[in-house]
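J.: Got a sequence here, can you build the structure:
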Amino acid sequence: MNTSFNVYAPLVLPRWEQFASGHRACQGCAEVLALRLVVKAAGPNTIVSSATGCMEIISSPYPHTAWKIPWIHVAFENAAAVASGVESGIKVLQRKGKIPRQKIYSVAMAGDGGTMDIGLQALSGALERGHDMLYVCFDNEAYMNTGIQRSSGTPYGAMTTTSPPGKLSIGQKTWKKDLPAIAAAHGVPYVATASPSYPFDLMEKVKRALETPGPAYIHIYSVCPTGWRSASDMSIRLGRLVVQTGIFPLYEVVDGEYSLSLDILPENLLPVEAYFKLQGRFRHLTPQDIQNIQARVRREYERLLEKAGKLRRTQ
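T.: Purely as a prediction, here's the structure:
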């Protein structure tokens, strides 16, 4: 497979850890790994506004906390609104001389449900207003914390408790909402996708997002063994397969310009079946279902390559 990462300045791996071990995440949870990498890259001068969800539950069982930086638990729908208020408050306090003038990052965090469904209005407003903040979506493709219900981030054909497959249903009937494209449509300076299976790429993107003035959005693929019915030791492999099949490409959108982080030609993509067969949530799919999904993935991947100037369609 001919692949190559974009060349950035060498990442200096921080020694600090802003998220403590001993939390209560499920075995094999890739979302908590992604969270650890995000705050590790962000550093100690960071204030996190965290929506209700898995990462809130596993990190803050009273009277304990896994957070080593200021952290605010907010309602399901308003992480972006609170983070934008934090950013505005910091500017006011610095202008009035109440706190020193230094860079303090405001970071909002939520899952796919709290981002793509319940929190979309608050996110859109924060992006439109131009707050200097980073919004991170940890996408495990369903409402995992409340019982594995479908969200608009659940992929087509997946089985959840509210999209069960049957004689008249394939499972999830709609295609996954393209939230990174929606964020980019707001004209913000930085949007990216990332996966903890590519940790240095993820941390570099967090650094670039935080150093870019204005709003930034990062969409992070987060394997959930519990909800996906996958083996707990397969999380990193799944995080690579989803990229190598083209289902979840890694890319950046900088001032509206798309660029791939992992450049794979369409003919070099792995078949989607290699990804599906490791997860129980797709075990009901027929060969025809998989063929239809494969065709859709190929079309969407080629469309992304067009945006990045990597592919020219012939008329």
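J.: going forward, measure contacts and count neighbours with C-alpha atoms only.
T.: Will do.
J.: I'd assumed Tyr217 was in contact with Ala183.
T.: Yes: contact criterion C-alpha atoms under 8 Å: Ala183 and Tyr217 qualify, at 6.9 Å.
J.: And Trp71, how far from Leu33?
T.: Note on Trp71: its distance to Leu33, by C-alpha to C-alpha, to the nearest Å, is 17 Å.
J.: before we move on, the earlier item: what touches both of Ala183 and Tyr217?
T.: Residues touching both Ala183 and Tyr217 (C-alpha atoms under 8 Å, 6 or more residues apart in numbering): Val191.
J.: Could you check which of the two has the larger neighbour count?
T.: Per other C-alpha atoms under 10 Å, whichever of Ala183 and Tyr217 has more neighbours is Tyr217, with 29 against 24.
J.: ok, residues contacting the helix or strand in which that one is found?
T.: Using DSSP states H and E, Tyr217 sits in strand 216-221. Strand 216-221 has contacts (C-alpha under 8 Å, 6+ apart) with 31, 34, 127, 132-140, 179-180, 183, 188-196, 205-206, 209-210, 239, 248.
J.: Which ones among these lie within strands?
T.: In strands, judged by DSSP state E, the following of the contacts of strand 216-221 are found: Leu134, Tyr135, Val136, Cys137, Phe138, Asp139, Tyr190, Val191, Ala192, Thr193, Ala194.
J.: and those as CSV, adding neighbour count, pLDDT and distance to Ala42?
T.: Below are these laid out as CSV (neighbours: other C-alpha atoms under 10 Å; pLDDT from 0 to 100; distance: C-alpha to C-alpha, whole Å):
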residue, neighbour count, pLDDT, distance to Ala42
Leu134, 29, 98, 10
Tyr135, 28, 98, 12
Val136, 26, 98, 12
Cys137, 24, 98, 15
Phe138, 28, 98, 16
Asp139, 24, 98, 19
Tyr190, 25, 98, 16
Val191, 28, 98, 16
Ala192, 28, 98, 16
Thr193, 23, 98, 17
Ala194, 29, 98, 15
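J.: list the buried ones in the longest helix along the chain?
T.: Longest helix of the chain, by residue count under DSSP state H: helix 287-307. Residues of helix 287-307 classed as buried by neighbour count (16 or more other C-alpha atoms under 10 Å): Ile290, Ile293, Gln294, Val297, Arg298, Tyr301, Glu302, Arg303, Leu304, Leu305, Lys307.
J.: Next: stretch 242-260.
T.: Neighbour counts using 16+ other C-alpha under 10 Å place 242-254, 256, 258-260 of stretch 242-260 among the buried residues.
J.: again, but for stretch 98-113
T.: For stretch 98-113, burial by neighbour count (16+ other C-alpha under 10 Å) applies to Ile104, Tyr105, Ser106, Val107, Ala108, Met109, Ala110, Gly111, Asp112, Gly113.
J.: cool, stretch 166-174 as well?
T.: In terms of neighbour count (16+ other C-alpha under 10 Å), stretch 166-174 has its buried residues at Ile170, Gly171, Gln172.
J.: Quick one: mean pLDDT over that stretch.
T.: In this model, stretch 166-174 has an average pLDDT of 95.
J.: So what touches that stretch?
T.: The contact list for stretch 166-174, computed with C-alpha under 8 Å, 6+ apart, reads 150, 152, 154-160, 163-165, 284-285.
J.: What about these, which one has the most neighbours?
T.: For these, the largest neighbour count, defined by other C-alpha under 10 Å, is 30 neighbours, found at Met159.
J.: What pLDDT does the model give it?
T.: Listed pLDDT for Met159 reads 98.
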